[in-house]
Each structure stands twice: as C-alpha cells, then as structure tokens.
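A.B. asks: With the input below, show me the fold.
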Amino acid sequence: MNKSKEFWDKASKNYDKTEERFEYIHRRSRENTKKYLKGSDIVLDYGCGTGTTSCEFANQVKEIHAVDISSKMIEIAKEKAAVSKVENVNFVQTDIFDKRYEKESFDTILVFNMLHTIPNPQDVTRRIYELLKPDGVFISVTPCLRGKMSFLVNIQIKLVQILCKIGIIPIPIRRLKSSDLDDLMTRGNFQTIDAEEIYKGASSYFIVVKKKNT
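C.D. replies: Have a look, this model is predicted:
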C-alpha cells in the first residue's frame, strides 16, 4: 500500500485537472447517483480522491464518511469542504478495511473510478456487503478499458500499461468490460437495480446494486 499511497500523493496535485477531460462521464455518474440518495442516508465514499463527489452530495444525505489512502488527496478534499462550508463529510486517510467501520453501518457505499485499480476486487465487494445495512445500496462507476474508446485514449491506455509493467505506475490497471463488473456484483451477492454504459471518448460503466439479504 505504501507504493500506491506515494503514487496517489504525487498524483494529487494535478488530479482534478487530469480528470477534466472525462467531466461528462463524471457529471453523468453524479446525476444518476443523486436519484438513489436520501436525506437520512449515512454514506461511505471509498476512494474519495480530492473530495469532489462527497462535497457535491453532502447536502443530499445525513453524513458522509470519505476515505482515501492518499494523505495529499485528503488534504485537498478538506480544503474543498472548508471553502464550500460542507460540515457533514468526514474525510479520513484510510481504506475500506479500517476496523472503525462496523458491520451494517452504511445505507449507501460509493466506489467511483476505483474497481479497475485495486488488487483485490472480490475482497472489496465482500467488505462492502459486510458494511451495508440490509437492502443497502452500492453505487459504482468504473472505466471499461476493454470497451469503446477514442484512438487517443487507446494510445494513452497502452502507455499506462507499459508503465505498470515496468513498475513506474505501482498499481494494477485492469482492462475490464461491463460484463466483468456484472459478474463481480453477482458473485458478491448483489442485485442490480440500475446500470448505464456512459461514453465520451472512453467507456465507463455506472451500476447500482442492492445488498441481497441472506
């Protein structure tokens, strides 16, 4: 995790700028998400980055616990919250396996642009299932790097893969299809209630699933 933390710490300074080219996908994902948020919700934002999503959703829910392994990302997120006078988001440098988060403590868990970069997606979905309340909702959006993309984005992805192989980028970057994510949710004992493939230069898969109660 230390190498991953160092990578994201270095990336934090220009993170928002590099994400601007995919703003249509981000905006569409946030618009879709708002339909599933309630004023009484306690939300976990896993991999919150610089806090843009948490700050935008803050006035629609009761509280948000926003976590990221990068201390630099969390610093920027806290600055955004202060500027926007957001008071119901708790930004913490940690990960989803932190024992402070108890079983069945969240109504909704958000995982935006994360599932293609983590080494253990099955462990993460298992942990999400554990943390959600009965009938809780898990909302994710994930770049599908085996889906439709522009020529330029395709070249950039190939470069990233090379950098991953030689260790310059110390995180796994998976080339997923939407069906891979559907399978991940099914194996995690979740029921799909909404899904949309969003395209603007690159493909991302927005999916909303509900915890099946055993």
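A.B. asks: Determine the longest helix present in this structure.
C.D. replies: In terms of residue count, the longest helix belonging to the chain (DSSP state H) is helix 151-165.
A.B. asks: who touches it?
C.D. replies: Contact with helix 151-165 is made by 145, 149, 169, 171, 172, 173, 175, 201, 202, as judged by Cβ atoms under 8 Å, 6 or more residues apart in numbering. No exception for glycine: its C-beta is placed from N, CA and C like everyone else's.
A.B. asks: Would you mark the buried spots in it?
C.D. replies: 153, 157 (16 or more other Cβ atoms under 10 Å).
A.B. asks: Buried among the contacts of helix 151-165? Make that a ChimeraX selection.
C.D. replies: Under the burial definition 16+ other Cβ under 10 Å, those of the contacts of helix 151-165 that qualify are selected in ChimeraX by:
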select :145,149,169,202
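A.B. asks: So for the contacts of helix 151-165, which is the shakiest by pLDDT?
C.D. replies: Across these, the bottom pLDDT score, 71, is held by residue 149.
A.B. asks: That one bridge partners, please.
C.D. replies: With DSSP bridges as the criterion, residue 149 is bridged to residue 202.
A.B. asks: Over to residue 44?
C.D. replies: For residue 44, the beta-bridge partners are residue 65, residue 109 (DSSP bridges).
A.B. asks: same question, residue 138
C.D. replies: Beta-bridge partners of residue 138, counted by DSSP bridges, are residue 109, residue 209.
A.B. asks: show me the contacts for it.
C.D. replies: Counted by Cβ under 8 Å, 6+ apart, residue 138 has contacts 108-109, 111, 125, 128-129, 132, 185, 190, 208-211.
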